[in-house]
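Colleague: I would like the atomic coordinates for the input below:
(one chain, ligands or ions: 2)
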Amino acid sequence: MTHKLGAIDLRGKRVAIIGLQGSGKTELAKHLIRQHRSVFIIDPMDEYDCFDSLKSVVRFVPPNDDFDFSQVFDKIKSYEIDMMVVDEISRFCPSRARGAKPIRDFADICRHSNTAFVAIARRPGQVQTDFTELAHFIFVFRMRGKNDSIWLANQVADLPAAVHRLKPFHFICIFPDRTFEEFEPIPIGGKDVKRRRAKKAKSKDSQDRTEAGKSA
Ligand SMILES: Nc1ncnc2c1ncn2[C@@H]1O[C@H](COP(=O)(O)OP(=O)(O)O)[C@@H](O)[C@H]1O
Ligand SMILES: [Mg+2]
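Modeller: Ligands and ions are numbered 1, 2, ... in the order given. Here you go, the predicted structure:
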């Protein structure tokens with residue numbers, strides 16, 4: 001049986017979102033962001049511009065993967081945020097790399113201020129084990145790899161079969177007591193889709209004009 005993800009209060013909680021590229025992780029993060037008052041996003045792929053008109057959401061696009069976050073962290077401490085999102089966290093906290101930033105540093109700045117910490121990666125094996133070991137909630141989208149299946153089986157015995165059955169954009173939430181439930185896709189639409197379409201049309205329009213310019 002699948003459920004609809006309603007409002008979910010994540011204050012003070014740690015959340016991991018995992019799944020293949022294009023499985024819907026960023027879209028789920030956007031849904032969670034909309035339910036929180038004040039959010040800071042580390043947005044390496046520059047995908048969260050839909051929130052740019054909101055004063056309550058601050059996003060930061062790091063210039064490179066080796067970026068030193070210490071100054072950003074000092075700034076965050078002075079904001080009153082109730083959620084921090086780090087998308088593609090494997091770039092900054094990869095599982096096997098010397099000099100990688102410890103995932104705990106991200107979690108720690110949230111812990112003291114009752115801030116939810118949402119970290120997103122494609123596969124659990126790409127990120128330091130703290131990514132899922134520290135998580136209260138783990139959202140799992142479609143995954144296919146053999147190592148992923150081993151990881152899933154280590155979480156809960158019935159999980160690999162349930163994940164393999166997931167339809168596109170469906171996801172499973174593993175709860176703190178390690179029970180799990182399947183959820184329907186996040187309804188997307190409204191402003192975000194209209195905005196994306198407008199953006200596409202605009203870039204096509206300017207492309208057309210450039211082409212017209214070339215032939216002139
Ligand atoms: N619940 C959904 N319903 C319909 N389309 C979705 C849904 N979630 C994501 N998508 C679409 O699929 C594509 C990839 O989603 P995204 O959230 O960016 O995936 P990921 O972050 O896992 O790579 C996007 O174009 C997005 O609009
Ligand atoms: Mg994404």
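Colleague: quick one: residue 78 and ligand 2, what's the gap?
Modeller: Separation of residue 78 from ligand 2 (CB to the ion, to the nearest Å): 28 Å. The way it works is simple: take the backbone N, C-alpha and C, and place the C-beta from them, glycine included.
Colleague: Also residue 132?
Modeller: Taken as CB to the ion, the span from residue 132 to ligand 2 is 17 Å.
Colleague: Same check on residue 129?
Modeller: Distance from residue 129 to ligand 2, counting by CB to the ion: 21 Å.
Colleague: How about residue 120?
Modeller: For residue 120, the distance to ligand 2 - CB to the ion - is 6 Å.
Colleague: just residue 124 next, same as before
Modeller: For residue 124, the distance to ligand 2 - CB to the ion - is 16 Å.
Colleague: was I right about that residue contacting residue 89?
Modeller: No. Using CB atoms under 8 Å, residue 124 is not in contact with residue 89, being 11.3 Å away.
Colleague: how about the helices in the chain?
Modeller: Listed in chain order, the helices of the chain (DSSP state H) span 25-34, 70-78, 103-111, 130-133, 146-155, 159-164, 190-215.
Colleague: which residues touch residue 27?
Modeller: Contact partners of residue 27, counting by CB atoms under 8 Å, 6 or more residues apart in numbering, are 169, 186, 188.
Colleague: Do you know the pLDDT at it?
Modeller: What the model reports for residue 27 is a pLDDT of 97.
Colleague: ok, now the one 3 residues further on?
Modeller: At residue 30 the predicted local confidence, pLDDT, stands at 97.
Colleague: show me the contacts for the residue in the chain that ligand 2 sits nearest to.
Modeller: The chain approaches ligand 2 most closely through residue 26 (3.3 Å), counting by CB to the ion. Each residue near residue 26 by CB under 8 Å, 6+ apart is listed here: 45, 47, 48, 87, 120.
Colleague: ok, of those, which come out buried?
Modeller: 47, 48, 87, 120 (16 or more other CB atoms under 10 Å).
Colleague: pLDDT added to those residues, as a markdown table?
Modeller: Shown next, in a markdown table, are the buried ones among the contacts of residue 26 (pLDDT from 0 to 100):
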| residue | pLDDT |
| --- | --- |
| 47 | 97 |
| 48 | 98 |
| 87 | 98 |
| 120 | 98 |
